[in-house]
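S.K.: One predicted model, sequence on top.
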Amino acid sequence: MKMRFLRHLTIGAMSIALIACTSSPTGRSQFVLLPDSQLDEMGVQSFTTMKEEVKTSTSTALTKNVQCVADRIINVLPDEYRDQEWEVVLFDDPQVNAFALPGYKIGVYTGLLEVATNQSQLASVMGHEVGHVLARHGNERVSTQLATSQVLALGQKLSGASTPVKQAIFQGLGLGAQYGIILPFSRAHESEADLMGLDLMSQAGFDPRESTELWRNMSANSGEQPSELMSTHPSHSTRIDDLNHNMAAPLAKYQALVAQNKQANCY
């Protein structure tokens, strides 16, 4: 009975995994179940709700600065993304954050502008967030969560009557799914978006070296971080090390633009 249960559980997991396997822009294997058009609809709906619930900035100067940085990044995107009608909104909110959503939406919070102290640091964040969209991370995260919940539900159904021992096993499986799949997967997304953002910002004429300065600012602003094992994001020090390790090619692109006087000049 136990072997039959495990065999059914394994077959269920393999069936889901074989549905949609593809590769990210950096060549990392990824798993997506949903059509991108569905994620675009979800992104547009979420952005519409945010604009209704969160106040937008009335600062013309700050809005212009943010739009300029976004426009330069959008201008270096692949054709299928560059040719879309992106919407950029500066939200009047103290949180230190920004985001980009499927459906070509970018949101920046005014609190971020207190930590991202120049145009290149802001470009580092915005390039990172747009990198999430290009790499289809939203689709991948939703797909992973759907698949995980389906496999656990299948296992519970096949295991028969519930007992305290079985409940404990499945609670453990849920914990294992959380810390063994979902969180590390999310950290992989963050690291991938960091490197994609580094490339995008340099192509757009922003100094990629400011990406590490941004994370030093973030570290000073955020206080004590949770353990990296228990976090959806890499630690600040890990991000700085990874960015420095991958700095040579983006820096060369930026310096080539500087030599042609084509670097960014947003503010």
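M.R.: Received it, and whenever you're ready, just let me know what you need.

S.K.: I'd guessed residue 93 sits against residue 107; true?
M.R.: No: using C-beta atoms under 8 Å as the test, residue 93 is too far from residue 107 to be in contact (9.5 Å). Bear in mind the C-beta positions are built from the backbone N, C-alpha and C, glycine included.

S.K.: who's more crowded, these two?
M.R.: Higher neighbour count among residue 93 and residue 107: residue 107, with 23 against 18, using other C-beta atoms under 10 Å.

S.K.: neighbouring contacts of the helix or strand in which that one is found?
M.R.: Assessed by DSSP states H and E, residue 107 sits inside strand 105-109. Outside strand 105-109, the residues within contact range by C-beta atoms under 8 Å, 6 or more residues apart in numbering are 43-44, 46-47, 50, 66, 70, 86-91, 93-101, 122, 125-126, 129-130.

S.K.: Would you list the buried entries among these?
M.R.: 43-44, 46-47, 50, 66, 70, 86, 88-91, 93, 96, 98-101, 122, 125-126, 129-130 (16 or more other C-beta atoms under 10 Å).

S.K.: Among the contacts of strand 105-109, name the ones in strands.
M.R.: If you go by DSSP state E, these have 87, 88, 89, 90, 91, 98, 99, 100, 101 in strands.

S.K.: Pull the contacting residues for the fourth one.
M.R.: Same thing as residue 90. Residue 90 touches 56, 57, 59, 62, 63, 66, 108, 109, 110, counting by C-beta under 8 Å, 6+ apart.

S.K.: same deal with the first one?
M.R.: Neighbouring residues of residue 87 by C-beta under 8 Å, 6+ apart: 47, 104, 105, 106.

S.K.: List the residues that contact residue 198.
M.R.: Contact analysis of residue 198 by C-beta under 8 Å, 6+ apart lists 124, 127, 208, 211, 243, 246, 247, 250.

S.K.: So it, which state does it fall into?
M.R.: helix (DSSP: H, G, I helix; E, B strand; the rest coil).

S.K.: Could you measure from it over to residue 49?
M.R.: Counting by C-beta to C-beta, to the nearest Å, the gap from residue 198 to residue 49 is 31 Å.

S.K.: Please apply the same query to residue 88.
M.R.: Look at residue 88 and residue 49: by C-beta to C-beta, they are 17 Å apart.

S.K.: just residue 146 next, same as before
M.R.: Counting by C-beta to C-beta - residue 146 and residue 49 are separated by 22 Å.

S.K.: where along the stretch 51-200 of the chain do the helices fall?
M.R.: 60-74, 79-82, 119-134, 137-158, 164-177, 183-203 (DSSP state H, counting those that start in this stretch).

S.K.: And the average pLDDT for the helix or strand encompassing residue 218 is what?
M.R.: Following DSSP H and E, one finds residue 218 within helix 210-222. Mean pLDDT, computed over helix 210-222, is 92.

S.K.: Can you point out the buried residues in it?
M.R.: Here helix 210-222 shows 210, 211, 212, 213, 214, 215, 217, 218 as buried, counting by 16+ other C-beta under 10 Å.

S.K.: So which elements touch that helix?
M.R.: helix 119-134, helix 183-203, helix 236-245 (3 or more C-beta pairs under 8 Å, 6 or more residues apart in numbering; DSSP states H and E).

S.K.: Contacts for that helix next, please.
M.R.: 96, 115-118, 120-121, 123-125, 194, 197-198, 201, 236-237, 239-240, 243-244, 247.
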